[in-house]
Structures are given as structure tokens and as C-alpha cells.
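Colleague: Sharing a model prediction with you, sequence too.
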Amino acid sequence: NAGVTQTPKFQVLKTGQSMTLQCAQDMNHNSMYWYRQDPGMGLRLIYYSASEGTTDKGEVPNGYNVSRLNKREFSLRLESAAPSQTSVYFCASRAGYETQYFGPGTRLLVL
Amino acid sequence: RKEVEQDPGPFNVPEGATVAFNCTYSNSASQSFFWYRQDCRKEPKLLMSVYSSGNEDGRFTAQLNRASQYISLLIRDSKLSDSATYLCAVNRAGSARQLTFGSGTQLTVLP
């Protein structure tokens, strides 16, 4: 099992460019999550999906959109990147109310 | 008040020392509690869940104090390899499916 995988690992964007971060899990988990992590701020939830076909906003959703393509895949899209979106992005999945498993992260720099 | 708060540290301790971290939470209805470990530039990984009666895993002991609304992590006989950032996580107010993470406590074990 690969667990949770994310692509790309690194990305540099110019302000105003768009991109999609991909996430996939092979653990048959219903719930999937996107977080951003900034120094001193901890992990902040952007969006989550409790099950296939549903998505909900988290703490910091502005500037992002998500798609739960199927049970395995949950993508995060930045339509018009801003320097404030420079961060490390983690995808996670969870079975029921147990712990979350994280992917390796995507480091994004917006110039 | 933040939903989950941790002392950011850093905690610098010698090898073999015992060190303890606390994490306070604001939602008295929270039911799920976890400690994660995050190495530099890596994803968070589950260290241990925290159960009502307290639980131990080798050199690590986790405790829950519902009356004072905090969880704790005790590390005995610290090893160099314990150097990391330790994050606590609590299920979010009003949503059992979401976890709120603390900002993390940085631990450095010195030779």
C-alpha cells in the first residue's frame, strides 16, 4: 500500500497562475482532507470531503476549490495564485473517527 | 481563545531526560485526541491516540484530563531520534470528522 500520495512535490508559480494539487489514497478511506501548514500557524484545514461526492469548507477555504473525483482522489485547485498561498500543502485521509494519515506534502512558492 | 493550544518550545533536553508536553483544548465535548510527530520537512505521523484512562507505548505515555481540558505526552529516557515537533490534535467543535491541530512543540534532544 502506498498510503496517501501527492503530486507534485514542489511547485513555483507566478502570481495569477493556476494549478491543481493531486492527492490519492489506497486505504479505502471515506474522508479526505486538504491542509496548509505555515510557520507558527500549525495545520489549518482548507477543505474536506466526508465521502465521495461531498465537500465542505474548512477554516481557510478562500482562494481554493476542491474536487472529490472518486473515493480515491481529492484534488485542490488554486485558480489565481497569490503570494499568501505560499505554503506546504498536506492531503490526508481518515477511516471513520480514527486517526488521519498524511501524504508527503507539496511545497508551493508563489512569486 | 484558540481551539487547541500548545507551548511552542523549543524544549532542549539531554539524552536520557524525561520531558512532558501539554496541550489544552477549548471544546469540552471533544472525544478524540491524538499526538502526532512531525520531522523537519516531513508529514505528520501518528504517534499515539489518547484514551480516557491514559495509555502507554514504550517510553511514551499519553494522558487525558477532561476536567482541566488538556492532554499530555510524557517521553521517558529521551533519545536523539526523538528530536521532532510534536503536534496534538483534537476533534473539532461541532464536527467529529474534523481534527484541529495545535501549532506543535519543538523538541531537541542533545547528546
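Modeller: Thanks, I have the structure now.
Colleague: Packing partners of the helix or strand where A:Ala24 lies?
Modeller: Per DSSP states H and E, A:Ala24 falls inside strand A:19-25. Packing partners of strand A:19-25 (3 or more Cβ pairs under 8 Å, 6 or more residues apart in numbering or on different chains; DSSP states H and E): strand A:4-7, strand A:31-38, strand A:74-78, strand A:87-94, strand A:106-110. All C-beta spots, glycine's among them, are computed from the backbone N, C-alpha and C.
Colleague: For those strands, give me TSV that also has mean neighbour count and mean pLDDT.
Modeller: Listed next are these as TSV, based on neighbours: other Cβ atoms under 10 Å in any protein chain shown; pLDDT from 0 to 100:
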stretch	mean neighbour count	mean pLDDT
strand A:4-7	18	97
strand A:31-38	24	96
strand A:74-78	20	97
strand A:87-94	23	96
strand A:106-110	18	97
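Colleague: I'd like the ones you listed written out as TSV, with distance to B:Arg92 added.
Modeller: Putting those into TSV (distance: least, Cβ to Cβ, whole Å) gives the following:
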stretch	distance to B:Arg92
strand A:4-7	20
strand A:31-38	11
strand A:74-78	18
strand A:87-94	13
strand A:106-110	23
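Colleague: which stretch among the ones you listed comes nearest A:Leu45?
Modeller: Shortest distance between A:Leu45 and the helices and strands packed on strand A:19-25, using Cβ to Cβ, is found for strand A:31-38: 5.6 Å.
Colleague: looking at the helices and strands packed on strand A:19-25, which is closest to B:Gly16?
Modeller: With respect to B:Gly16, and counting by Cβ to Cβ, the nearest of the helices and strands packed on strand A:19-25 is strand A:31-38 at 31.2 Å.
Colleague: near chain A, which residues of chain B?
Modeller: B:8, B:31-32, B:34, B:42-46, B:49, B:87, B:89, B:91-92, B:96-104 (Cβ under 8 Å from any Cβ of the partner chain).
Colleague: ok, now with 10 Å
Modeller: Proximity of chain B to chain A (Cβ under 10 Å from any Cβ of the partner chain) is limited to residues B:2-6, B:8, B:31-32, B:34, B:36, B:38, B:41-49, B:85, B:87-89, B:91-92, B:95-104.
Colleague: What subset of these is buried?
Modeller: B:3-6, B:32, B:34, B:36, B:38, B:43-44, B:47-48, B:85, B:87-89, B:91-92, B:97-104 (16 or more other Cβ atoms under 10 Å in any protein chain shown).
Colleague: Restricted to helices, list those residues.
Modeller: Of these, none are assigned to helices by DSSP state H.
Colleague: Mind checking which of these are in strands?
Modeller: B:4-6, B:34, B:36, B:38, B:47-48, B:85, B:87-89, B:91-92, B:97-101 (DSSP state E).
Colleague: In chain A, which residue is most central in space?
Modeller: Nearest residue to the geometric centre of chain A (Cα atoms, centre = their mean): A:Trp34, 3.1 Å.
Colleague: With chain B as the reference, measure out to that one.
Modeller: According to Cβ to the nearest Cβ, to the nearest Å, A:Trp34 and chain B sit 12 Å apart.
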